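A.B. asks: Pasting a predicted model and its sequence here:
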Amino acid sequence: MLWSGWGDPGRAAPLPEQVVGLLREMLGVRPAERPPVALADIEVRDTRLPAGDLTALAKTVGDRNVRADTETRVRHTRGKSTPDLLRIRAGDTADAPDAVVLPGTHDEVLAVLRYCAGRRIAVVPFGGGTSVVGGLAPAGVDAFIALDLRRMDALVSVDEVARTAVLQPGLRAPDAEALLAGHGYTLGHFPQSYEWATIGGFAAARSSGQASAGYGRFDDMVVGLTVATPEGPLDLGRAPKSAAGPDLRQLVLGSEGAFGVITSVTVRIHPVPEAREYEGWRFASFGEGAAALRRLAQDGPLPAVLRLSDETETMIGLADPTAIGARDGGPSSAGCLAVLGFEGAAARVAERRAQAADVLRAAGGEPLGTGPGEKWEHGRFNAPYLRDSLLDAGAFVETLETAAFWADIPALYDAVRAALIGALSGAGTPPLVMCHISHVYPSGASLYFTVVSAQGKDPVAHWDVAKRAANEAIIDAGGTISHHHGVGTDHRDWYAREIGPLGAAVLRAVKDRVDPAGILNPGVLVPPAAGE
């Protein structure tokens, strides 16, 4: 992965000139004052780990699997939020780990955690490094290691009777799909981070893929977990469902490395679909389109993919950089674009498409054919590369997401937009705020916002003000602080308000039991007690 951006560096092509002109005209974007620092010129502080600690860790995982060179540490610094990228582009490596340790087995993970607990060395589990909420930058630590799980990348087994598979945590999503396809199966989990994120990361962050309407969120897919903690292992999941007390699997899912390191995941799998068909529909307004999506979510038929862009996102054409600002007057450039994707047996796909069409027409939808859907499907993982290109051009672009019950969606949408526009415009940088419904449920939906503005002189501080305003708006409007990005450090204080003082105390009690030395991803997820 590109150390200062996203993925393959060859994929972040320069923006078309008409897009650059539009950014200048609409948002006052100007070229960045300084180009990104070259990797060869990046410096990191000397490791704070004594040589004896590095030697002891090497005895557990092997000499080649304990690394403290500059490039490895830089590549494990923070995640992939826009502030993360802007800091690293400026040469800021203040959050670089003191070493990177690569265990190869569950027992090696246990041994590393026990040693680090005894030495009070913080441990940050590292999969694909795709966190966008400050999940890889521990707070208040003297020294820490990044525990890179890439060596644990196997498909351990496939149970074709139960249709489950056991996967190791460092297995990247494309590799997991390829291995499962060799057995005729798919996981069906395709988040925007798909190209680089890992199985362990999906579980630790409660990831939600673009086909969640059909396959479920990742936490819906998990039926078993093995977890290493400083106090020993946890083996969770004897059956698909159980009434034997609270489900501890749900305690680990979404725990972001604060309660332990996931070392294997057992997931539900599905036969590779015979047919995949995508299509587009136009609605006159975001409210009209949301009502149509609600009808499908509640009464069916429910596609595997179901998304709705608001008027601004539809007009801009976010999924296709070459079309941004084209305003060709075509049917998909006005109103709101919905994308539907159907997967399964060919006959079943045809039947469900026809049934959905009847529902959408009755709700005021206009069919646009397969073109918009196929275009979205082709570019579904391009947005992070577009962000790299926008940053290069001097624009600031960032995302945030939330979810709420259907009745609260309109007010939540308005509140977050107003907060972002107010905070960013007040700083002298008019923003462009776009939104889409990315995931739907019978009882509610998620809202995914994209914000574009000029970078200005201090874009990180600029965004911090806007992000805080948006977080306040989300909580005040009855939304959850995160639907699928996670909590990290960015959302921790608002998460504490969402779950209340007693809920926060319960989380601290769990952490105190499984991690009494407090080494697991300090400062992430778990709200501190008053006065800490």
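C.D. replies: Received, thanks.

A.B. asks: How many neighbouring residues does the residue lying closest to residue 121 once chain neighbours are set aside have?
C.D. replies: Among residues not flanking residue 121 along the chain, residue 143 sits closest, at 5.7 Å (C-beta to C-beta, 6 or more residues apart in numbering). (C-beta placed from N, C-alpha, C; glycine too.) Close neighbours of residue 143, defined as other C-beta atoms under 10 Å, add up to 17.

A.B. asks: Next, find the distance separating residue 143 from residue 33.
C.D. replies: Distance of residue 143 to residue 33, computed by C-beta to C-beta, to the nearest Å: 34 Å.

A.B. asks: Could you do residue 280 as well?
C.D. replies: Noted for residue 280: a distance of 40 Å to residue 33, by C-beta to C-beta.

A.B. asks: Would you confirm that residue 259 contacts residue 518?
C.D. replies: No: using C-beta atoms under 8 Å, residue 259 is not in contact with residue 518, being 11.7 Å away.

A.B. asks: what touches both of the two?
C.D. replies: The overlap between the contact sets of residue 259 and residue 518 (C-beta atoms under 8 Å, 6 or more residues apart in numbering) consists of residue 511.

A.B. asks: Settle it for me: which of the two has more neighbours?
C.D. replies: A count of neighbours by other C-beta under 10 Å puts residue 259 above the other of residue 259 and residue 518, at 25 against 18.

A.B. asks: Mind checking what helix or strand follows the strand or helix carrying residue 88 in sequence?
C.D. replies: In this assignment (DSSP states H and E), residue 88 forms part of helix 82-89. Downstream of helix 82-89, the first helix or strand assigned by DSSP H and E is strand 99-101.

A.B. asks: partners of that next one in the sheet?
C.D. replies: Partner strands and pairing direction for strand 99-101 (DSSP bridges) are strand 66-67 (antiparallel), strand 144-148 (parallel).

A.B. asks: Other residues contacting the last one?
C.D. replies: Outside of strand 144-148, the residues within contact range by C-beta under 8 Å, 6+ apart are 49, 57, 76, 97-103, 109, 112, 116, 121-126, 136, 138, 170, 261, 522.

A.B. asks: Among the residues you listed, which are located in helices?
C.D. replies: 57, 109, 112, 116 (DSSP state H).

A.B. asks: and the gap between the last one and residue 497?
C.D. replies: To tie it back to what came earlier, the one meant is residue 116. Relative to residue 497, and taking C-beta to C-beta, residue 116 is found at 31 Å.

A.B. asks: Have a look at those two and say which one is more surrounded.
C.D. replies: Neighbours were counted for residue 116 and for residue 497 using other C-beta under 10 Å; residue 116 has more, 24 against 16.

A.B. asks: Now do residue 19 against residue 343, distance only.
C.D. replies: Taken as C-beta to C-beta, the span from residue 19 to residue 343 is 33 Å.

A.B. asks: got the CA coordinates for the top helix by length along the chain in CSV?
C.D. replies: Longest helix of the chain, by residue count under DSSP H: helix 492-514. C-alpha atoms of helix 492-514 as CSV (Å, rounded to 0.1, in the frame of the first residue of the first chain):
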residue,chain,number,x,y,z
ARG,A,492,-14.4,7.8,21.7
ASP,A,493,-15.8,10.7,23.7
TRP,A,494,-19.1,10.7,21.8
TYR,A,495,-19.3,7.0,22.1
ALA,A,496,-19.2,7.5,25.8
ARG,A,497,-22.2,9.8,25.6
GLU,A,498,-24.0,7.3,23.4
ILE,A,499,-23.7,4.4,25.8
GLY,A,500,-23.9,6.4,29.0
PRO,A,501,-21.7,6.3,32.2
LEU,A,502,-22.7,2.8,33.3
GLY,A,503,-22.1,1.4,29.8
ALA,A,504,-18.6,3.0,29.8
ALA,A,505,-17.9,1.5,33.2
VAL,A,506,-18.8,-1.9,31.9
LEU,A,507,-16.3,-1.6,29.1
ARG,A,508,-13.6,-0.5,31.5
ALA,A,509,-14.4,-3.5,33.7
VAL,A,510,-14.0,-5.9,30.8
LYS,A,511,-10.7,-4.3,29.8
ASP,A,512,-9.4,-4.4,33.3
ARG,A,513,-10.0,-8.2,33.4
VAL,A,514,-8.6,-9.2,30.0
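
A.B. asks: Make 8 the starting number, not 1.
C.D. replies: Okay, using 8 as the starting number, the last item reads as helix 499-521.

A.B. asks: Can you give the contact residues for that helix?
C.D. replies: 236-238, 241, 258, 265-267, 478-479, 481-482, 487-489, 494, 525, 527, 530-536.
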